[in-house]
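K.L.:
Sequence below, structure please.
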Amino acid sequence: MYTYDMELLVLAGVVAPLWMFLGVVIVARFYPGYSHRHQVMSELGARNRVTTKIHPWINNFPIGFWFVLFGVVLLNIESTNNLLFLTGILMMVQGVSHWVTGLFPCDEDLGIAKPSKAQVIHNLAGLVMYFSLLVACLLWVIKQHNLHQWFTLYSAASAAISVITLVLMLRALKTNINLGLYQRINYGVLAVWVMVLSVILIIG
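P.N.:
Below is the predicted model of the structure:
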């Protein structure tokens, strides 16, 4: 089904989430007092932070590249299953959203009453980023495919956990207590889902 080169490129789906995890951890080390538990990842790239300039180059831009590459690969895989094509489109949207959030950083005060245009664009790109992954995950629940049955159940569980933590994250916006933790679980389960999909496509 795949050429050797195609198998290597599918690994982009594994590299993207791993790069994100390592990139956030590394950049956070340069941000004095940063809390992974209470602060969202976007704060690392917010204006007037010590990590403002390095965050997009270490995280947003390369992560976006890997997601776009993964999407391109899925679009070019010969298959009668249009799920791969749809997922490829969503992965490319995911990657472009990462680039946009990197180009338009958050305001210094994330809770400002009148956010800047950059903040508004960042937030909209963030929503597209999240829902592109959530929809991709849900597609493998509601549509038939020829992968293992357990992957359908796993996709459903991943989507459910992500939605639940999204609700918790929205509630935590007022207090910032565990906000970062909920965000990481919310997006992390979907990122891991991408990795699992990539591995399944490689090993069959």
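
K.L.:
Tell me the backbone dihedrals of residue 36, please.
P.N.:
Reported as degrees, to the nearest 10, the phi and psi values for residue 36 are phi -70, psi -20.

K.L.:
For it, give me its contacts.
P.N.:
24, 28, 180-181, 184 (CB atoms under 8 Å, 6 or more residues apart in numbering). Glycine gets a C-beta too; all of them are placed from N, C-alpha and C.

K.L.:
The same query, at a cut-off of 10 Å, please.
P.N.:
Applying CB atoms under 10 Å, 6 or more residues apart in numbering, we find residue 36 in contact with 24-25, 28, 180-181, 183-184.

K.L.:
CSV for those residues, including neighbour count, pLDDT and secondary structure?
P.N.:
Output for the contacts of residue 36, formatted as CSV (neighbours: other CB atoms under 10 Å; pLDDT from 0 to 100; DSSP: H, G, I helix; E, B strand; the rest coil):
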residue, neighbour count, pLDDT, secondary structure
24, 19, 95, helix
25, 10, 94, helix
28, 18, 94, helix
180, 22, 91, helix
181, 18, 95, helix
183, 21, 94, helix
184, 19, 95, helix
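
K.L.:
In CSV: the residues you listed, plus distance to residue 127.
P.N.:
Shown next, in CSV, are the contacts of residue 36 (distance: CB to CB, whole Å):
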residue, distance to residue 127
24, 19
25, 24
28, 23
180, 18
181, 20
183, 13
184, 17
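
K.L.:
residue boundaries of the helices in the chain?
P.N.:
4-10, 12-28, 54-55, 61-76, 82-103, 117-142, 149-172, 179-203 (DSSP state H).

K.L.:
Hmm, residue 187 and residue 137 touching each other?
P.N.:
No. With contact defined as CB atoms under 10 Å, residue 137 does not reach residue 187; the gap is 11.5 Å.

K.L.:
Touching both of these two, which residues are there?
P.N.:
Taking CB under 10 Å, 6+ apart as the criterion, residue 137 and residue 187 both touch residue 162.

K.L.:
Contacts only, for the residue nearest to residue 178 when sequence neighbours are not counted.
P.N.:
Nearest residue to residue 178, sequence neighbours excluded (CB to CB, 6 or more residues apart in numbering): residue 172, at 5.6 Å. Each residue near residue 172 by CB under 10 Å, 6+ apart is listed here: 38, 40, 165, 178-183.

K.L.:
can you check residue 179 too?
P.N.:
By CB under 10 Å, 6+ apart, residue 179 lies in contact with 35, 37-40, 43, 168-173.

K.L.:
Residue 26 and residue 58 touch, don't they?
P.N.:
Yes. Counting by CB under 10 Å, residue 26 does reach residue 58; the two are 6.5 Å apart.

K.L.:
Residue 30 - how many residues pack around it?
P.N.:
14 (other CB atoms under 10 Å).

K.L.:
For it, give me the pLDDT.
P.N.:
Per-residue confidence (pLDDT) for residue 30: 94.

K.L.:
gap between it and residue 128?
P.N.:
28 Å (CB to CB, to the nearest Å).

K.L.:
What confidence value was assigned to residue 59?
P.N.:
On pLDDT, residue 59 comes in at 95.

K.L.:
Quick check: chain neighbours aside, which residue is closest to it?
P.N.:
residue 23 (4.2 Å).

K.L.:
Nothing else from me, thank you.
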